[in-house]
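Novice: Give me a 3D structure for the following:
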Amino acid sequence: MSYSTASLVGPVTLDDVRGAQKMLSGVARVTAMEGSRHLSQLVGAPVHLKCENLQRTGSFKLRGAYVRIAGLLPEQRAAGVVAASAGNHAQGVALASSLLGVGSTVFMPKGAPLPKISATRDYGAEVRLHGQVVDETLAAAQEYAERTGAVFIHPFDHPDIIAGQGTVGLEILEQCPEVRTVVVGIGGGGLAAGIAVAVKALRPDVRIVGVQAEGAAAYPPSLAAGRPMAVEHPATMADGIKVGRPGDVPFGIVGELVDEVRTVSEDELSTALLLCLERAKLVVEPAGASPVAALLSEPGAFEGPVVAVLSGGNVDPVLMQGVLRHGMAAQGRYLAVRLRLTDRPGALATLLGVLSVVDANVLDVSHVRTDPRLGLTEAEVELHLETKGPEHCVEVGRALREAGYPVIG
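Specialist: Residues are numbered from 1 along each chain as shown. The predicted model follows:
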């Protein structure tokens, strides 16, 4: 689903982004641009993946954090910095602070993935867990800044942050000068705003498309209202773009320079993450896969060549396992069924024989005999199957019913 953007003005210039690029020389990597044959075939034009998932700390966030902290006055550096993040900005601030010799405290949501918490500590920050969503964590970090004098480093709502993220846009134009469309995920809006500033200044003909998760899509209603609006209880697996309200500074730039904002479903995010892993051999977190999800949802809507920005690769292994299973289910490649059979010797082997005939690969079996809902001679079996697509799922279900097994779910 897509929405048109409003016309507003932002404060970051191309010169700011170019200055940030010089500052980041030798600090941030110029990340790779990889072609995707599969996506190119779907879109009907060349599709390139900008691999910020391979950036230091695993996301683009180092760029903006370093530029912001490097610009502090000596007395501000001495007071230290504080930040709030679900993980990527946290790691960016922690590494940038360590490189610049500045003490850092980072507030993270209580549900932040453990690998992100561990990595943030390893980069040198003191980590404090507070709140359930980023907005609550932001409030705690801001209160800490007011109480201690530490400088608050916002994840997206500051011109220096946006200028730093905009260096991704300069690299896109250098690596793919023929680009016609750039697709980028949007949370608070810092990355999309920065890319838009850089790209539109040099190539106003290039179309910029932002992507949000349906359950955390604050930009569409905000753009319709002409001001940042909060979405209550944002919900998405894509924690990197799980932001309840657009930032004031990026909102103005997005409204002025981003041509369109699209939303994608959780199923589409799962499928996109699975595609990145299987076809591109790239580990990408759900937020980083959101541009790919948009391409998959409506491939004919994008003029090529297209650059999709894979913004990060910091994914919790537990989440990755669940997302991959979800993505396989969305493609008809994973099927979970519950059924009842007679509790007698050989009954389970007979059931598995039926599945063998239709070539369904059994991943897991749960066999229950003691549930009070079951009859005296009944057993319930839950099967997790690897299948070959939607048609194969239908075939498996038909084979089970024809063999006399009542499928419960």
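
Novice: Can you say which helix or strand has the most centrally placed residue in the chain in it?
Specialist: When C-alpha atoms, centre = their mean is applied to the chain, the residue found nearest the centroid is Ala287 (0.8 Å). Here Ala287 sits in a region with no helix or strand, counting by DSSP states H and E.

Novice: what's the pLDDT at it?
Specialist: Note on Ala287: pLDDT of 93.

Novice: you'd agree it is up against Gly188?
Specialist: No. If you go by C-beta atoms under 8 Å, Ala287 and Gly188 don't touch, sitting 11.5 Å apart. Quick note: C-beta positions are derived from backbone N, CA and C, even for glycine.

Novice: Can you give me the buried ones in the helix ranked longest in the chain?
Specialist: Assignment by DSSP state H gives helix 159-175 as the longest helix of the chain. Buried residues in helix 159-175, counted by 16 or more other C-beta atoms under 10 Å: 159-173.

Novice: thinking again about what came up before, report how many residues lie close to the closest residue to the residue nearest to the centre of the chain other than its chain neighbours.
Specialist: Once flanking residues are discounted, Ala287 sits nearest to Gly240: 3.0 Å by C-beta to C-beta, 6 or more residues apart in numbering. Residues lying near Gly240 (other C-beta atoms under 10 Å) number 31.

Novice: Show me where the protein has its strands.
Specialist: 2-4, 33-35, 47-51, 81-84, 104-108, 126-129, 151-153, 181-185, 207-213, 260-264, 306-310, 334-342, 361-368, 378-386 (DSSP state E).

Novice: Compare these and give me the one nearest Met23.
Specialist: Evaluated with C-beta to C-beta, these place strand 151-153 nearest to Met23, the distance being 15.4 Å.

Novice: tell me how far the ends of stretch 70-86 are from each other?
Specialist: This stretch, stretch 70-86, spans 22 Å end to end (C-alpha to C-alpha, to the nearest Å).

Novice: One more: stretch 126-145?
Specialist: Using C-alpha to C-alpha, the two ends of stretch 126-145 sit 14 Å apart.

Novice: residues making contact with that stretch?
Specialist: 82-86, 90, 104-112, 117, 120-121, 150-152, 154-155, 230, 233-234, 242-245 (C-beta atoms under 8 Å, 6 or more residues apart in numbering).

Novice: low-scoring stretches of the stretch 1-150 of the chain, by residue?
Specialist: Applying pLDDT under 70 to the stretch 1-150 of the chain flags the ranges 1-10.

Novice: for it, what spans make up the helices?
Specialist: 14-24, 37-43, 61-70, 74-79, 88-100, 114-122, 134-148 (DSSP state H, counting those that start in this stretch).

Novice: Which stretch among those helices is buried most, on average?
Specialist: Per residue and on average, the most neighbours among the helices of the stretch 1-150 of the chain fall to helix 61-70, with a mean of 28 (mean count of other C-beta atoms under 10 Å).

Novice: which strands and helices sit next to it?
Specialist: helix 14-24, helix 88-100, strand 151-153, helix 159-175 (3 or more C-beta pairs under 8 Å, 6 or more residues apart in numbering; DSSP states H and E).

Novice: what about the ones you listed, which gets the closest to Glu75?
Specialist: Across the helices and strands packed on helix 61-70, closest to Glu75 is strand 151-153 (C-beta to C-beta), at 9.9 Å.

Novice: Just checking: what are the partner strands of the closest one?
Specialist: strand 81-84 (parallel) (DSSP bridges).

Novice: So which bits of the strand it pairs with are buried?
Specialist: 81-84.

Novice: quick one on the thing from earlier: wait, which of the strands of the chain is closest to Gln41?
Specialist: Judging the strands of the chain by C-beta to C-beta, what sits closest to Gln41 is strand 47-51, at 8.9 Å.

Novice: Quickly run through the sheet partners of that closest one, with directions.
Specialist: Short version: by DSSP bridges, strand 47-51 pairs with strand 33-35 (antiparallel), strand 306-310 (parallel).

Novice: returning to that earlier point: and the strands of the chain as JSON lines, adding distance to Ala196?
Specialist: Shown next, in JSON lines, are these (distance: least, C-beta to C-beta, whole Å):
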{"stretch": "strand 2-4", "distance to Ala196": "15"}
{"stretch": "strand 33-35", "distance to Ala196": "18"}
{"stretch": "strand 47-51", "distance to Ala196": "14"}
{"stretch": "strand 81-84", "distance to Ala196": "24"}
{"stretch": "strand 104-108", "distance to Ala196": "28"}
{"stretch": "strand 126-129", "distance to Ala196": "32"}
{"stretch": "strand 151-153", "distance to Ala196": "22"}
{"stretch": "strand 181-185", "distance to Ala196": "8"}
{"stretch": "strand 207-213", "distance to Ala196": "5"}
{"stretch": "strand 260-264", "distance to Ala196": "11"}
{"stretch": "strand 306-310", "distance to Ala196": "12"}
{"stretch": "strand 334-342", "distance to Ala196": "38"}
{"stretch": "strand 361-368", "distance to Ala196": "44"}
{"stretch": "strand 378-386", "distance to Ala196": "42"}
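
Novice: Just tell me which of those strands ends up closest to Tyr219.
Specialist: strand 260-264 (4.9 Å).

Novice: who's in contact with that closest one?
Specialist: Contacts of strand 260-264 (C-beta under 8 Å, 6+ apart): 1-5, 186, 207-214, 217, 219-220, 223, 254, 272, 290, 293-294, 297-298.

Novice: neighbours around Gly404, how many?
Specialist: 10.

Novice: same check, this time on Ala45
Specialist: Count around Ala45 with other C-beta under 10 Å applied: 16.

Novice: contacting residues around the closest residue to it other than its chain neighbours?
Specialist: Spatial nearest neighbour of Ala45, chain neighbours left out: Gly304 (2.2 Å); criterion: C-beta to C-beta, 6+ apart. By C-beta under 8 Å, 6+ apart, the contact list for Gly304 reads 40, 43-47, 180-181.
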